[in-house]
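with the sequence up front, the predicted model follows.
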Amino acid sequence: MSEHFFDFPAELPPGAWAEKRRLAAAIRELIAQCVTSEASAEVLAAASAQVRGVVAQLGGHPSGTLLDAFTNKTVGDITRFADRQTMIGLCNPISPPMTMSDDGQLVTAYVNFGPAFEGAPGCVHGGLLAAAFDQVLGYLNVSRKVGAMTATLNLQYRRPTPINKPLRMEARIERVEGKKRWVSGKMFSGDELTVEAEGLFIALEAGKVDKIVARVRTPEDT
């Protein structure tokens, strides 16, 4: 069992989870090709038909989300569903994806945003950089065994952050007062600082996640 639900295994034994990662990686490549391709109408039409065939093939099988995993504890390991999350999930084709680690003092994350994440020409969309910091700063708390939710998140965009370049992020806890946890982070392209972030996270009481899940559930989720 994982230490926390962001603690994904790097390698998986053969099975559906591993194959979902392979599928997501292939779709990730497809997304990049779709965004940048200048192929002819005929080629694009043929590709569209093939993709729609795959959509129909998968549509007849069971589905599940992280909400389902929390709602129905028998669905499976929550970590398996967390591996489908937006910024880090290797099973999610729209994730960059990010990788994160914690040495006990500093959280370090690595990410490379492809062409699907372009905002200004050649640059990562600023809103996606905010999402990246929200993920890393959240992981900073969870990896210290503290479930916490974002209260505020402020970013200073120091320089344009390039797409298609390896980026490094660093995050640390600045101070803690009761439930309040002030955190900070930085992003680098090479040795150049591109973004700084400051956030306030609020630690969750025991059972709070279950209450949040109950609040966002719809009748169809039961």
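In hand now; what should we look at?

so where do the helices sit in the chain?
16-36, 41-59, 66-71, 78-82, 126-142, 208-216 (DSSP state H).

any idea of the mean pLDDT for the third one?
Across helix 66-71, pLDDT averages out at 79.

re the thing from before, make TSV out of the helices of the chain and add distance to A10 and mean neighbour count.
Just so you know, the C-beta spots here come from the backbone N, C-alpha and C atoms, and that holds for glycine as well. TSV is the format used below for the helices of the chain (distance: least, Cβ to Cβ, whole Å; neighbours: other Cβ atoms under 10 Å):
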stretch	distance to A10	mean neighbour count
helix 16-36	11	15
helix 41-59	25	10
helix 66-71	20	18
helix 78-82	13	19
helix 126-142	16	21
helix 208-216	26	12
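
what would these look like in a markdown table with distance to K180?
A markdown table is the format used below for the helices of the chain (distance: least, Cβ to Cβ, whole Å):
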| stretch | distance to K180 |
| --- | --- |
| helix 16-36 | 36 |
| helix 41-59 | 43 |
| helix 66-71 | 25 |
| helix 78-82 | 25 |
| helix 126-142 | 11 |
| helix 208-216 | 15 |
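
so how far is stretch 122-138 from its chain's centroid?
10 Å (Cα atoms, centre = their mean, to the nearest Å).

do the same with stretch 93-101
5 Å.

R181: which of the helices of the chain is closest?
helix 126-142 (6.1 Å; Cβ to Cβ).

mind checking pLDDT for F6?
pLDDT at F6 comes out at 73.

looks like it contacts T99 (just checking).
No: assessed by Cβ atoms under 8 Å, F6 is found out of contact with T99, at 10.6 Å.

got any residues that touch both of those two?
Both F6 and T99 are contacted by I88, under the criterion Cβ atoms under 8 Å, 6 or more residues apart in numbering.

looking at the two, which has the bigger crowd around it?
F6 (19 against 13; other Cβ atoms under 10 Å).

burial count for the nearest residue to F188 once chain neighbours are set aside?
Leaving out its chain neighbours, the residue that sits closest to F188 by Cβ to Cβ, 6 or more residues apart in numbering is R168, at 4.7 Å. The tally of other residues near R168 (other Cβ under 10 Å) stands at 14.

R168 pairs with what?
Y110, F188 (DSSP bridges).

what about it, distance to N92?
Distance, R168 to N92, using Cβ to Cβ, to the nearest Å: 22 Å.

and L129, by the same measure?
Counting by Cβ to Cβ - L129 and N92 are separated by 18 Å.

got it, and G127?
18 Å.

now swap in M169 and tell me
19 Å.

please apply the same query to V195.
Taking Cβ to Cβ, one finds V195 at 23 Å from N92.

looking at these two, which is more packed in?
V195 (24 against 19).

how about the nearest residue to that one, chain neighbours excluded?
M187 (4.2 Å).

list the contacts for the spatially most central residue of the chain?
Central residue of the chain (Cα atoms, centre = their mean): M87, 1.6 Å from the mean position. Counting by Cβ under 8 Å, 6+ apart, M87 touches 95-98, 131-132, 135.

if we use 6 Å, what do you get?
The contact partners of M87, taken as Cβ atoms under 6 Å, 6 or more residues apart in numbering, are 95, 98, 131, 135.

now A151: closest residue in space, sequence neighbours ignored.
Nearest to A151 is L200, by Cβ to Cβ, 6+ apart, at 4.4 Å.
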